[in-house]
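Q: No sequence on hand, only this structure:
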């Protein structure tokens, strides 16, 4: 190629890059403008919608941080098992510690919206199913959302399947009803539910099994409450015992199993010997190896605490404990469950509102989604534009998209080949796992563990085991494909 | 859907894993490096941004050198020398 031709080609390339950059910035600006416009329209329609708008913008903040830090709970277990990389596990433990400390402060000030969930083996089983699913889908419940924002079609498929599989699982009866223990059926009948609500397997599972399980918060156990009365119990029981010590223990185990050997080998090669201070340096090196991820973990932990504080403040301001009360005041009673509520956790969650989206679509297609316990009695089926938690999901996707566009990382990728199967299967398993344990990696693990609820760690144990199984399968699958790709030559 | 792992010349390989999502880009990169000899080079092309961070840390821990890393139009190219 002549020098002049090469210079022309370089100039064209540069121009093309500049055009793409400008187009990306235009789209990022348009998305943010759209969200501002939506916020203005809602608050203009009724001041009560400020509650919904708050969810939107916390969603945007989560989406931006998740994409920037490539923050994915699936990656934490998967990259350790598959590649021996600890960056994400470190990030999650950092997020957990900061959220745990803020939750303890909020509890002490009576400003927490957190309530512990039922404790039992169902958390391990749900986590196990969810863990396999998140490895197949290529991301956890929050991970696939930020990846949708990067233009990842497989992630979008997984999100949709996760929503619909939850909704279908919540109302499915038929042959499933034949495998219900009599004790659950008898117990469900004693709960005084409105007539015609127990029709599915999940209805009986919730009312005849889950609701009988104890909900525990370490600060409120008699031992901690007596030993550390008042606010100190939240810091010792919930923050120190439930979050900080387990996080340090997990990080120490990760260091010993995956990082220590190669690090100490390098030290011995350089200095001839290694002591305790080298071990500490190795541990610290692991924690700071990906500053981007660790910093994002800290920010996510702080933001999750801030969201809880802001929403509790708004609840106090409006004199409510659930958005359903505001919907009632605005005349939208059709959205509500029989208890007059809609799903409104008051903090960061992912799974349930995706099922509400699917239930709303299924109802529009003519199905009855109110004659059941999950939607009919507990969560409600709000119109999708009046569902604050669902708007948080939209915020996460769009927030991630803004950062991906600005950093030139957005690219639309249609799901192809085996990725379609992995996306569907992964979404299905994440959906069923979420329903069994009443939450995903965020609601069943992150929120609960940080709130001093030991059931979060049960879900974590199941999720990590499931991820290990998923990685074993993907290792086998990729090995086969590599061998096929290398048939053409010797290496 | 197929991956493309090709021999460009002696000691030089290319791995095209565009379209794949986590954790497959990092898994294929790891497996390619395991098959190669020390000092050999592989050019990896992928479009899953999250994989870049993991691949970089994996190389750092295993002692592989990232000779070049560039990104455009949602695609990432990494040239890695096995250490």
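A: Structure's in. What do you need? Just so we're clear, the structure is a prediction, and the values are computed from it rather than from any experiment. Numbering: from 1, shown residues only, chains lettered A, B, ... in the order given.
Q: what's the burial count for residue B:3?
A: 20 (other CB atoms under 10 Å in any protein chain shown). Heads up, the C-betas are built off the backbone N, CA and C, glycines and all.
Q: and the gap between it and residue B:75?
A: Here residue B:3 is placed at a distance of 15 Å from residue B:75 (CB to CB, to the nearest Å).
Q: cool, and residue A:165?
A: 32 Å.
Q: of these two, who's got more company?
A: More neighbours surround residue A:165 than the other of residue A:165 and residue B:75, with 25 against 16 (other CB under 10 Å).
Q: Was I right to think that one contacts residue A:436?
A: No. Counting by CB atoms under 8 Å, residue A:436 is not a contact partner of residue A:165; they are 11.7 Å apart.
Q: And residue A:433, how close does it get to residue A:176?
A: For residue A:433, the distance to residue A:176 - CB to CB - is 17 Å.
Q: Comparing those two, which residue is more hemmed in?
A: residue A:433 (32 against 14).
Q: so which strand or helix has that one?
A: For residue A:433, the host element (DSSP states H and E) is helix A:418-436.
Q: In terms of secondary structure, what does that helix contact?
A: Counting by 3 or more CB pairs under 8 Å, 6 or more residues apart in numbering or on different chains; DSSP states H and E, the packing neighbours recorded for helix A:418-436 are helix A:121-137, helix A:141-148, helix A:153-171, helix A:351-364.
Q: now it against helix A:153-171, angle please.
A: 40 degrees (axes from the mean of the first three to the mean of the last three CA atoms, to 10 degrees).
Q: who touches whichever helix or strand comes after helix A:418-436?
A: Heading C-terminal from helix A:418-436, the first helix or strand you meet, by DSSP H and E, is helix A:447-450. Contact partners of helix A:447-450, identified using CB atoms under 8 Å, 6 or more residues apart in numbering or on different chains, comprise A:96, A:99-100, A:103, A:114, A:116-117, A:242-243, A:246, A:301, A:304, A:345, A:347-349, A:439, A:455-457, A:459-460.
Q: Going C-terminal from helix A:447-450, what's the next secondary structure element?
A: With elements assigned by DSSP H and E, the helix or strand that comes after helix A:447-450 is helix A:455-485.
Q: got the buried residues for the worst-scoring helix or strand of chain B on mean pLDDT?
A: Ranking every helix and strand in chain B by mean pLDDT, DSSP states H and E puts helix B:49-62 at the bottom, with a mean of 90. Going by neighbour count (16 or more other CB atoms under 10 Å in any protein chain shown), the buried part of helix B:49-62 is B:49-59, B:61-62.
Q: now do stretch A:456-467
A: Using 16+ other CB under 10 Å as the test for burial, stretch A:456-467 gives A:456, A:457, A:458, A:459, A:460, A:462, A:463, A:464, A:465, A:466, A:467.
Q: Quick check: of those residues, which lies closest to chain B?
A: Checking these against chain B with CB to the nearest CB, the nearest one is residue A:467 at 9.9 Å.
Q: how about the residues of the stretch 101-250 of chain A near chain B?
A: By CB under 8 Å from any CB of the partner chain, the residues of the stretch 101-250 of chain A that approach chain B are A:135, A:138, A:139, A:143, A:147, A:150, A:151, A:152, A:154, A:155.
Q: Excluding covalently adjacent residues, which one is nearest to the first one?
A: To tie it back to what came earlier, the one meant is residue A:135. If the residues on either side of it in the chain are set aside, residue A:135 comes closest to residue A:470, at 2.8 Å by CB to CB, 6 or more residues apart in numbering or on different chains.
Q: repeat for the fifth one
A: Distance criterion CB to CB, 6+ apart; nearest residue to residue A:147, sequence neighbours excluded, is residue A:155 at 3.7 Å.
Q: could you pull out the helices for chain B?
A: Assigned by DSSP state H, the helices in chain B fall at B:24-35, B:49-62.
Q: Please state the offset of stretch A:481-491 from the chain centre?
A: 38 Å (CA atoms, centre = their mean, to the nearest Å).
Q: quick one: residue A:328 and chain B, what's the gap?
A: From residue A:328 across to chain B, the span is 42 Å (CB to the nearest CB, to the nearest Å).
Q: OK, contacts around that residue?
A: Per CB under 8 Å, 6+ apart, neighbours of residue A:328: A:336, A:340.
Q: dump the residue contacts of the closest residue to chain B within the stretch 151-300 of chain A.
A: For the stretch 151-300 of chain A, the residue closest to chain B is residue A:154, as judged by CB to the nearest CB, at 5.0 Å. Shown in contact with residue A:154 (CB under 8 Å, 6+ apart): A:137, A:138, A:147, A:413, A:415, A:419, A:420, A:422, A:423, B:21.
Q: again, only using 10 Å
A: By CB atoms under 10 Å, 6 or more residues apart in numbering or on different chains, the residues touching residue A:154 are A:136-139, A:144, A:147-148, A:413-416, A:418-420, A:422-424, A:426-427, B:19-22, B:48.
Q: now swap in residue A:221 and tell me
A: Residues in contact with residue A:221 (CB under 10 Å, 6+ apart) are A:227, A:233, A:237, A:241, A:452, A:454.
Q: And it, how far from residue A:122?
A: 21 Å.
Q: Same question for residue A:458.
A: Noted for residue A:458: a distance of 9 Å to residue A:122, by CB to CB.
Q: shared neighbours, these two?
A: Shared contacts of residue A:458 and residue A:122, defined by CB under 10 Å, 6+ apart, comprise residue A:437.
Q: surely residue A:475 meets residue A:481?
A: No. Counting by CB atoms under 10 Å, residue A:475 does not reach residue A:481; the two are 11.1 Å apart.
Q: which residues do these two both contact?
A: Common neighbours of residue A:475 and residue A:481 (CB under 10 Å, 6+ apart) are B:27, B:31.
Q: which among the buried residues of helix B:49-62 are in contact with chain A?
A: By CB under 10 Å from any CB of the partner chain, the members of these lying near chain A are B:49-59, B:61-62.
Q: so what's the backbone phi/psi at residue A:258?
A: phi -110, psi -30 (degrees, to the nearest 10).
Q: got the contact list for the residue nearest to it when sequence neighbours are not counted?
A: Leaving aside its sequence neighbours, residue A:258 sits nearest to residue A:84 (CB to CB, 6+ apart; 4.7 Å). Contact analysis of residue A:84 by CB under 10 Å, 6+ apart lists A:254, A:257, A:258, A:259, A:261, A:262, B:30, B:57, B:58, B:61, B:62.
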